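Asks: quick one: sequence plus predicted model below, questions after.
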Amino acid sequence: RESAQSWRELLVDLKARGLAIAPELATGDGALGFWKALEAVFPSTRHQRCWVHKTSNVMNKLPKSVQPAAKQDLREIWQAPDRATAEAAISTFAEKYAAKYEKAVTCLLKDRDALLTFYDFPAEHWDHLRTSNPIESVFATVRHRTVRTKGALSQDTARLMVFKLVMAAAKTWRRLKGENQLPKVIQGVRFRNGVEVKETPAQTAA
């Protein structure tokens with residue numbers, strides 16, 4: 001379920017089980033329930049919209065003949081080396097398609113800031129932050145199995161099966177890049193365009 005209440009219950013449960021420090025960033029699609037619940041439970045957590053979902057949403061508002069070129073133009077945004085280049089690519093996309101495909105451009109621009117949040121985190125982490133697809137693929141595996149056993153399991157047995165499926169899927173997960181940067185993120189070290197911001201003595205004193 002995608003309701004705010006469902007997401008709130010999940011996030012509160014995570015908090016109760018030990019997630020004492022609010023996550024620095026949450027990546028997700030356009031499910032409004034999730035973002036509303038996140039604001040209530042972890043208000044300091046920053047938002048990153050999933051580029052795979054956003055690309056799909058924009059493509060759905062364009063004719064098939066235009067989609068290959070538009071997809072490449074969107075790629076120019078999220079693969080840009082820095083925020084300024086990404087912002088320029090967004091403006092170029094809007095200028096290129098707004099006249100004929102206003103809905104597609106509106107779809108992109110309404111989440112402009114949340115699509116570029118990843119630039120404030122270590123560059124090594126960008127691949128992991130730009131999309132929620134890795135976790136979505138795990139959920140798909142679980143759904144594939146549980147749908148076929150619907151009604152044949154007790155709640156406890158179903159939970160055990162889901163746990164085992166996730167543990168099996170975890171064996172193929174890609175190793176986190178830049179894990180050495182995680183302590184810095186937790187400590188509040190600032191990053192700009194993926195690079196750590198080194199404060200000068202004067203800035204520290206101020």
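Replies: Everything's here; your move.
Asks: where's the residue nearest the centre of the chain, which helix or strand?
Replies: The geometric centre of the chain, computed from its C-alpha atoms, lies nearest to residue 27 (Cα atoms, centre = their mean), at 2.3 Å. Using DSSP states H and E, residue 27 maps to strand 25-28.
Asks: centre of the chain to that strand, how far?
Replies: Mean-position distance between strand 25-28 and its chain equals 4 Å (Cα atoms, centre = their mean, to the nearest Å).
Asks: against residue 27, how distant is residue 35?
Replies: 11 Å (Cβ to Cβ, to the nearest Å). Quick note: C-beta positions are derived from backbone N, CA and C, even for glycine.
Asks: low-confidence ranges in the protein?
Replies: By pLDDT under 70, the low-scoring segments of the chain are 1, 136-137, 150-152, 200-206.
Asks: ranges for the strands of it?
Replies: Secondary structure of the chain (DSSP state E): strands at 25-28, 46-49, 191-192, 195-196.
Asks: who's in contact with residue 161?
Replies: Neighbouring residues of residue 161 by Cβ atoms under 8 Å, 6 or more residues apart in numbering: 145, 146, 149, 153.
Asks: biggest separation within those, which pair?
Replies: Using Cβ to Cβ, the contacts of residue 161 reach their maximum pairwise distance at 145 and 153, which is 10.6 Å.
Asks: surely the residue nearest to the centre of the chain touches residue 48?
Replies: Yes: with contact defined as Cβ atoms under 8 Å, residue 27 counts as touching residue 48 (4.4 Å).
Asks: residues shared between the contacts of these two?
Replies: Common neighbours of residue 27 and residue 48 (Cβ under 8 Å, 6+ apart) are 129, 130.
Asks: can you list contacts of stretch 85-94?
Replies: 70, 73-74, 76-78, 80, 105, 108-109, 112, 116, 119.
Asks: could you pull out the buried residues of that stretch?
Replies: Within stretch 85-94, the residues that count as buried by 16 or more other Cβ atoms under 10 Å are 86, 89, 90, 93, 94.
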